[in-house]
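Student: Here you go, sequence then predicted model.
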Amino acid sequence: MANTHTPDIVYTKVDEAPELASASLLPIIRSFASAAGISVGTKDISLAGRILAAFPEHLTESQRISDDLAELGQLVKTPEANVVKLPNISASVQQLVAAVKELQGQGYAIPDYPETPASDAEHEVRARYDALKGSAVNPVLREGNSDRRAARAVKAFAQANPHRMGDWSKDSKTRVASMSGGDFRSNETSATLTDAATATIIHVAPDGTETVLKDAVSYPAGTVVDATYMSARALDAFLHEEIDKTKAEGTLFSLHLKATMMKVSDPILFGHAVKAFLAPVFEAHGEELAALGVNPNSGLGDLLARVKDAPEIVAAIDKVMATRPPLYMVDSDRGITNLHVSSDVIVDASMPALIRAGGKGWGPDGKEHDANCIIPDDSYAPVYDETIKYFKETGKLDPATAGTVQNIGLMAQKAEEYGSHPTTFEIPADGVVKMVLDDGTVLHQHTVEAGDIWRAASARRAPIEDWVQLAIDRQRAEGCEAIFWLDETRAHDAELIKYVRPILKAKGVADKFKIMAPRQATRATFETIRAGKTSIAITGNVLRDYLTDLFPILELATSAKMLSIVKLMQGGGLFETGAGGSAPKHVQQLQAENHLRWDSLGEFCALGESFKFLADARDNAKARVLGEAVETATQGVLDHDRSPGRKVGQPDNRDSHYWFARYWAEALATQRGDTELAAHFDPVAKALAEKEATILAELHAGRGKPVDQGGYYHPDAAKTDAIMRPSATLNAIIG
């Protein structure tokens, strides 16, 4: 993609709260950037945009849109890439179906999502939709490894203004429960390929019948290839046992999965939990439930909606629920439980929130209680288990004195995309699953039963080597503790260690790093930050996701304020705006009260890095001036407490954007490095200051009243613009 056709900076169009915020912030960014001759374009990677791009033949000419995700996927493989990526919806089936319904209601003649495809045509439609689910965006764009850390200004502010932490009791009953066998961790096998190979995944039935599950899976030489499975029988036994234990302990039953990122495997695990919790109902009314279209993977909410006109089943459910332990709640006031929707409780957000609260979760009575935290697979459950044990022993962390944890994460080229891609399967029948290479070598083989979940994943040599080098560079810059979170007793990690140790030795830095299993690394890291020091966690893809929520939520109260830099392997840059998700509850509050509490601090941090990267990549001095001024403005927002409040009547996202623009203009007007930019922004800064009262009054007009965006997943641009840019005075000054 040539420079002439590519904006200097590409800003992604996404969903929910961050996209609402963009409607207010992006015009400011474009205005300021244009003064330096820098273009800022957009690419649509929203769920609605991805759906429409997938079905062009169903749309009119005027409705068709380009496949922006595919175009971005090509751009990030070039040195010209400079992408600011906001959080997008990692869609569950429920969200996908809701988005399809909304688009159809707006006149887009796209097909229904076929839950049970019966024809070749329906299977083809289902395949297109399935490609949009879960973390579909991230593997396409992440052509580099992750460098996530708290910006210095953000960390300093958090220490000066510590958030509230719940108290931990040594007698807390809160604990983590995971499987002791039969899970992905215990069944994993791993191998590193000497030569490039193409693999076929085959299911062999007891009678010898072979079924190809996936063919033509290509791996370059040096790829670490894993395979494993979870026993459905062992999972069910574990869930039934933990339901009984939770009841006896008098705690909340809480299930913590990642049904968005692990879009194939974890909704199935979720369905097993729903079925186990209501086992007597499924045993007594299985045929009737099936006839009503009940799929436990869709959750308790969908089940209750389908049986509402079947009083006998409703009564049976009520009877069973009365005998079960109370459920951890998503929304006690509305009766939304942990088991209602698979995407409502995401482990990397839900566990840190519970830990921050002193091990407490909300129960159906609207009060906080200790909880049994069910994380079936034991691969990473020990991180949360050790965290809880540590805080029971030592008490809560003090954000005012705590150090910080940075993360270097292996994720480039779909590294460790567990359970979310086309090599994960729910096994249809007993037999053996084999991964066979093109030369006939059986790389992996597992004996399985019907209903087991089998998966393969990989990490390529180039991303692994890049990841280790990135860790070396970051440790050299910080001069602090650095730990590779790798367990030599786990098959996959053992193969990664075979790469890590020789590289560290060859670079002469082996003494600067430790290699520790996640449980031990968790405790060591907490001891380090409790002493006020910095630690670098060097992890694989999943732990990157988990730890860049866990530690920031404890340190900063949120993960949305993290600096997230992806140094793309071909020389470009991808700047992610933190790990705060797409915040659907923020949208609900805006719609009800015209108050958006989304904090754009992550966007500010990413923007500053994007400008500075552009300065280096294009030798653009003006871009550097803009980037340094962004940092000054961000500091101003923090120092003067201009971030959004949670409640209507307090300043919100739009107010913070006004202050950001004002501080940014003032920084540019007073800097001495570029007199042309200073002259341009001097009248802007003065006008923003002089019109402060008018602008704030215009921003606050209509607050507290419902607003209509014209759509949730695919809002009307004009309506959204009117909501998010209500100050004519500010708009005129920005231009």
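Tutor: Sure, I can see it.
Student: so what's the backbone phi/psi at residue 576?
Tutor: Note on residue 576: backbone dihedrals following degrees, to the nearest 10 are phi -90, psi 150.
Student: surely it meets residue 88?
Tutor: No: with contacts counted by CB atoms under 8 Å, residue 576 stays clear of residue 88, the gap being 10.7 Å. In this view, the C-beta of every residue, glycine as well, is placed from N, C-alpha and C.
Student: Farthest from the middle of the protein: give me that residue.
Tutor: Largest separation from the mean C-alpha position in the chain: residue 207, at 42.7 Å (CA atoms, centre = their mean).
Student: Could you pull up phi and psi at that one?
Tutor: phi -90, psi 10.
Student: Let me know the distance separating it from residue 221.
Tutor: 37 Å (CB to CB, to the nearest Å).
Student: likewise residue 487?
Tutor: 25 Å.
Student: between these two, who's got more neighbours?
Tutor: Neighbour totals were compared for residue 487 and residue 221, and residue 487 leads with 21 against 12 (other CB atoms under 10 Å).
Student: burial count for the residue nearest to the more buried one when sequence neighbours are not counted?
Tutor: Closest residue in space to residue 487, ignoring its immediate chain neighbours: residue 517 at 3.8 Å, by CB to CB, 6 or more residues apart in numbering. Counted with other CB under 10 Å, residues neighbouring residue 517 total 15.
Student: and what of residue 198?
Tutor: For residue 198, the number of neighbouring residues by other CB under 10 Å comes to 13.
Student: now residue 532
Tutor: 13.
Student: The host helix or strand of residue 21 - contacts with which helices or strands?
Tutor: Using DSSP states H and E, residue 21 maps to helix 16-34. If you count contacts as 3 or more CB pairs under 8 Å, 6 or more residues apart in numbering; DSSP states H and E, helix 16-34 packs onto strand 9-13, strand 40-44, helix 584-593, helix 601-618, helix 653-670, helix 717-724, helix 728-734.
Student: and that helix with strand 40-44, angle?
Tutor: 160 degrees (axes from the mean of the first three to the mean of the last three CA atoms, to 10 degrees).
Student: For residue 196, see how far away the residue nearest to residue 487 is.
Tutor: 31 Å.
Student: Residue 344 now?
Tutor: The gap separating residue 344 from residue 196 is 42 Å, by CB to CB.
Student: ok, these two, which is more surrounded?
Tutor: Neighbours were counted for residue 344 and for residue 196 using other CB under 10 Å; residue 344 has more, 20 against 12.
Student: For the more buried one, give me its contacts.
Tutor: By CB atoms under 8 Å, 6 or more residues apart in numbering, the contact set of residue 344 is 330, 336, 338.
Student: And the helix or strand harbouring residue 383, what does it pack against?
Tutor: Using DSSP H and E, residue 383 maps to helix 381-394. Helix 381-394 sits against strand 175-177, helix 347-356, helix 518-530, helix 541-556, with contacts defined as 3+ CB pairs under 8 Å, 6+ apart.
Student: Give me the angle between the third one and helix 381-394.
Tutor: Right, the one you point to is helix 518-530. 40 degrees.
Student: which other helices and strands contact helix 518-530?
Tutor: Secondary-structure packing of helix 518-530 (3+ CB pairs under 8 Å, 6+ apart): helix 381-394, strand 404-409, strand 481-485, strand 514-516, strand 534-539, helix 541-556.
Student: Same question for the longest one.
Tutor: Applying 3+ CB pairs under 8 Å, 6+ apart, one finds that helix 541-556 contacts strand 144-150, helix 152-160, helix 347-356, helix 381-394, strand 404-409, helix 518-530, strand 534-539, strand 562-568.
Student: Please identify the buried residues of the second one?
Tutor: In terms of neighbour count (16 or more other CB atoms under 10 Å), helix 152-160 has its buried residues at 153-155, 157-159.
Student: Now do it: everything it contacts.
Tutor: 150, 399-402, 404, 555-557, 561, 563, 601, 605, 631, 634-635, 638-639.
Student: Now restrict the residues you listed to buried residues only.
Tutor: With burial judged by 16+ other CB under 10 Å, the buried subset of the contacts of helix 152-160 is 150, 399, 402, 404, 555-557, 561, 563, 601, 605, 631, 634-635, 638.
Student: quick one: which of the contacts of residue 344 is nearest residue 453?
Tutor: residue 338 (20.5 Å; CB to CB).
Student: Of the contacts of residue 344, which is the nearest to residue 281?
Tutor: Nearest member of these to residue 281, counting by CB to CB, is residue 338, at 17.4 Å.
Student: so the nearest residue to residue 615 once chain neighbours are set aside is in which element?
Tutor: Excluding its sequence neighbours, the residue lying closest to residue 615 (CB to CB, 6+ apart) is residue 624, at 3.6 Å. Assigned by DSSP H and E, residue 624 falls within helix 621-639.
Student: Give me the contacts around that helix.
Tutor: Contact partners of helix 621-639, identified using CB under 8 Å, 6+ apart, comprise 8, 32-33, 36-38, 151, 153-154, 157, 601, 604-605, 607-612, 614-615, 642-643, 656, 659-661, 663-664, 666-668, 671, 673-674, 677.
Student: Now do the helix or strand of the chain with the lowest mean pLDDT: distance to the chain's middle.
Tutor: None of the helices or strands of the chain scores lower by mean pLDDT, DSSP states H and E than helix 137-141, at a mean of 79. For helix 137-141, the gap between its own C-alpha mean and the chain's C-alpha mean amounts to 12 Å (CA atoms, centre = their mean, to the nearest Å).
Student: what's that helix in contact with?
Tutor: Defining contact as CB under 8 Å, 6+ apart, one finds that helix 137-141 is touched by 45, 50, 69-70, 72-73, 76, 83, 85, 88, 90, 261, 411, 414, 417, 421, 574.
Student: Now with 7 Å, please.
Tutor: 45, 69, 72-73, 76, 85, 88, 414, 417, 574 (CB atoms under 7 Å, 6 or more residues apart in numbering).
Student: Export these to CSV and append columns for secondary structure, distance to residue 290 and pLDDT.
Tutor: Shown next, in CSV, are the contacts of helix 137-141 (DSSP: H, G, I helix; E, B strand; the rest coil; distance: CB to CB, whole Å; pLDDT from 0 to 100):
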residue, secondary structure, distance to residue 290, pLDDT
45, coil, 37, 95
69, helix, 36, 94
72, helix, 42, 94
73, helix, 40, 93
76, coil, 44, 94
85, strand, 41, 94
88, coil, 34, 90
414, helix, 36, 89
417, coil, 32, 83
574, strand, 45, 94
